[in-house]
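Enquirer: show me how the following folds:
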Amino acid sequence: MRFHHIIVSLSLFVGSLGGCSSGPGEWEDQRYAVRMEAADSVFNLGYVQQAQQHYAEALDRAFLVDDSQGIHDAGFNLATSDLRLKEYKASLETLRRVSDALTVRGWIEAQQADLHLVRASVFYDRGQWQDAAAEARLARNSLDERTRFRAYALGGLVAAAMSDRVGLEETITYLTSSRDEKDQTDLKELLTWRMIMNQNWQSAADSAESLAKARREETDYEAMRRALRLEVRALRGMGREQAAESVMMRLRDSNREQAKQ
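Expert: Next up is the predicted model:
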């Protein structure tokens, strides 16, 4: 079992959960599996703190039975839960512990690339743009195509935050090659950033409003709040302060309720 992205967002790009069961004939400790299933269920309902506890128990169990895949999956999910709760130090420590464990068990860097995606998201949340960019580049080396696309998308957000037009355009070009719906939504976010950088305020406001709706329908509420912030920025660029404040009120309401989860 594991997250299939994120990332994002995951907070950012590692925010949503997708189960991945063991294949036919693959061994899996049942006590580990029960904890992972319980964690997945409550995470999908938005109870991240409960999920965090279950993932921590699953990770301990994976170490007990010396299951390297279980260490990876439970560790990835635990670090992502830590990130969603904005417990950044805990997330980074989980990632360090898991990476060390996987390395001594023979996992190569490309097999661990998705851990860099979580780490990049932590740094992005903290405004450490250079560190986030470096980790996102490492995540591009993943053996998993979905992780590579998420890594590019996150790298694009970092580029936008740094006003790096070259990096932003590189990501836009890469995501354009995908027909995946989530990749297209990520592309829309980056295109909205491009409009803002070009001071195309009305187009940016319209795009951000549409993006917020799409993120809401995906139940990716962290990304929805990012879209609302973009809409505020665009509205203020047009001098529409009252409209911007109305969107800010919606953003504050969502942030306040998220903090209670």
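Enquirer: and the top helix by length along the chain, what does it pack against?
Expert: In the chain, taking DSSP state H as the definition, the longest helix is helix 241-260. Where contact means 3 or more C-beta pairs under 8 Å, 6 or more residues apart in numbering; DSSP states H and E, helix 241-260 is packed against helix 221-237. C-beta coordinates here come from the backbone N, C-alpha and C atoms, glycine included.
Enquirer: show residues contacting the longest helix of the chain.
Expert: Around helix 241-260, the neighbours that count as contacts under C-beta atoms under 8 Å, 6 or more residues apart in numbering are 221, 224-225, 228-229, 231-232, 235-236.
Enquirer: one more time with 6 Å
Expert: Applying C-beta atoms under 6 Å, 6 or more residues apart in numbering, the external contacts of helix 241-260 come out as 225, 228, 231-232, 235-236.
Enquirer: that helix versus helix 221-237: what angle between them?
Expert: 160 degrees (axes from the mean of the first three to the mean of the last three C-alpha atoms, to 10 degrees).
Enquirer: if we can go back for a sec, so which of the contacts of helix 241-260 wins on neighbours?
Expert: Per-residue neighbour counts (other C-beta atoms under 10 Å) across the contacts of helix 241-260 peak at residue 231, which has 26 neighbours.
Enquirer: so who does it touch?
Expert: 205, 208-209, 247.
Enquirer: those residues into CSV, with extra columns for secondary structure and pLDDT?
Expert: Converted to CSV, the contacts of residue 231 look like this (DSSP: H, G, I helix; E, B strand; the rest coil; pLDDT from 0 to 100):
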residue, secondary structure, pLDDT
205, helix, 98
208, helix, 98
209, helix, 98
247, helix, 97
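Enquirer: extract the C-alpha set from stretch 105-118 and format it as CSV.
Expert: The C-alpha trace of stretch 105-118 is given here as CSV (Å, rounded to 0.1, in the frame of the first residue of the first chain):
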residue,chain,number,x,y,z
ARG,A,105,18.6,-3.0,2.4
GLY,A,106,19.9,-2.5,-1.1
TRP,A,107,17.4,0.1,-2.5
ILE,A,108,19.0,2.3,-5.2
GLU,A,109,18.4,6.0,-5.4
ALA,A,110,15.8,5.8,-8.2
GLN,A,111,13.7,3.5,-6.0
GLN,A,112,13.7,6.1,-3.3
ALA,A,113,13.0,9.1,-5.5
ASP,A,114,9.5,9.6,-4.3
LEU,A,115,10.9,10.3,-0.8
HIS,A,116,12.7,13.4,-2.4
LEU,A,117,9.2,14.5,-3.5
VAL,A,118,7.9,14.6,0.0
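Enquirer: what residues of it count as buried?
Expert: Going by neighbour count (16 or more other C-beta atoms under 10 Å), the buried part of stretch 105-118 is 107, 111-118.
Enquirer: what about residue 163, is that helix, strand or coil?
Expert: With DSSP: H, G, I helix; E, B strand; the rest coil as the basis, residue 163 sits in coil.
Enquirer: swap in residue 136?
Expert: helix.
Enquirer: can you pull the contacts of it?
Expert: Taking C-beta under 6 Å, 6+ apart, one finds 120, 151, 154-155 in contact with residue 136.
Enquirer: now the longest helix of the chain: buried residues?
Expert: 243-244, 247-248, 251, 254.
Enquirer: at which residues are the helices of the stretch 51-200 of the chain located?
Expert: Here the stretch 51-200 of the chain has its helices, by DSSP state H, counting those that start in this stretch, at 68-84, 88-104, 113-125, 129-139, 145-161, 165-176, 181-197.
Enquirer: let's have those in JSON lines, adding distance to residue 42 and mean pLDDT.
Expert: Formatted as JSON lines, the helices of the stretch 51-200 of the chain follow (distance: least, C-beta to C-beta, whole Å; pLDDT from 0 to 100):
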{"stretch": "helix 68-84", "distance to residue 42": "10", "mean pLDDT": "96"}
{"stretch": "helix 88-104", "distance to residue 42": "18", "mean pLDDT": "98"}
{"stretch": "helix 113-125", "distance to residue 42": "19", "mean pLDDT": "96"}
{"stretch": "helix 129-139", "distance to residue 42": "27", "mean pLDDT": "97"}
{"stretch": "helix 145-161", "distance to residue 42": "23", "mean pLDDT": "96"}
{"stretch": "helix 165-176", "distance to residue 42": "32", "mean pLDDT": "97"}
{"stretch": "helix 181-197", "distance to residue 42": "23", "mean pLDDT": "97"}
